[in-house]
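Trainee: Give me coordinates for this.
(one chain, ligands or ions: 2)
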Amino acid sequence: MKLSGKDLAFAGGAVAVLIVVVLGTGKELGPNVPTDAGHQAFFSQLEQGQRRVEVEQGCRQCHPLADLPEAHPHKEECMVCHQPS
Ligand code: HEC
Ligand code: HEC
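Mentor: Ligands and ions are numbered 1, 2, ... in the order given. The predicted structure is shown next:
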């Protein structure tokens, strides 16, 4: 099989679209958590092998779901969107 210039242009376009989509998704994720010890401690628990779904239950003690802005996205899995700084 021989690749024509058109095929290469198509492949290049597909790669470009993919990059835009990946970067765009990154932007949708939430703001980083503050750098204080309290927040960072949650992420060290993850490094110690604790399950994220259990660790992030702790977020709700201080950030009850009802207190999040109304426009806040999909509310579970806090630590996927909110990363340590
Ligand atoms: C002990 C209480 C407490 C816990 C537990 C807690 N937070 Fe926070 N969080 C706060 C307070 C207070 C602030 C605001 C003060 C500040 O910005 O430093 C804050 C700020 C934030 C912000 C910044 C919001 C902004 O405007 O930038 C995010 C994001 C956040 N918390 C997410 C989380 C996540 C995710 C978890 C769980 C991994 C969590 N918090 C656990 C008390 C807490
Ligand atoms: C799908 C991604 C996503 C998930 C999951 C998510 N967040 Fe957020 N969060 C965001 C975005 C985006 C913002 C910024 C929204 C805005 O500025 O209106 C935000 C904002 C916040 C803020 C700041 C609110 C403020 O008053 O400025 C806090 C606190 C927060 N999230 C906590 C949490 C907690 C706790 C959870 C888990 C129960 C969670 N988030 C799950 C994306 C997410």
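
Trainee: so how far is ligand 1 from S4?
Mentor: S4 sits 49 Å away from ligand 1, going by CB to the nearest ligand atom, to the nearest Å. Just so you know, the C-beta spots here come from the backbone N, C-alpha and C atoms, and that holds for glycine as well.

Trainee: Check H39 too.
Mentor: 5 Å.

Trainee: do you know how far that residue is from P69?
Mentor: Between H39 and P69 the computed distance is 18 Å (CB to CB, to the nearest Å).

Trainee: Could you check which of those two has the larger neighbour count?
Mentor: Per other CB atoms under 10 Å, whichever of H39 and P69 has more neighbours is H39, with 16 against 6.

Trainee: Quick check: closest non-adjacent residue to S85.
Mentor: N32 (4.3 Å; CB to CB, 6 or more residues apart in numbering).

Trainee: Regarding the one you found, what is its secondary structure?
Mentor: coil (DSSP: H, G, I helix; E, B strand; the rest coil).

Trainee: Touching, it and P84? I think so.
Mentor: Yes. N32 is within contact range of P84, at 6.5 Å (criterion: CB atoms under 8 Å).

Trainee: neighbour-wise, which of the two wins?
Mentor: Each of N32 and P84 has its neighbours counted (other CB under 10 Å); P84 has more, 15 against 12.

Trainee: so is that one in a helix, a strand, or just coil?
Mentor: coil.
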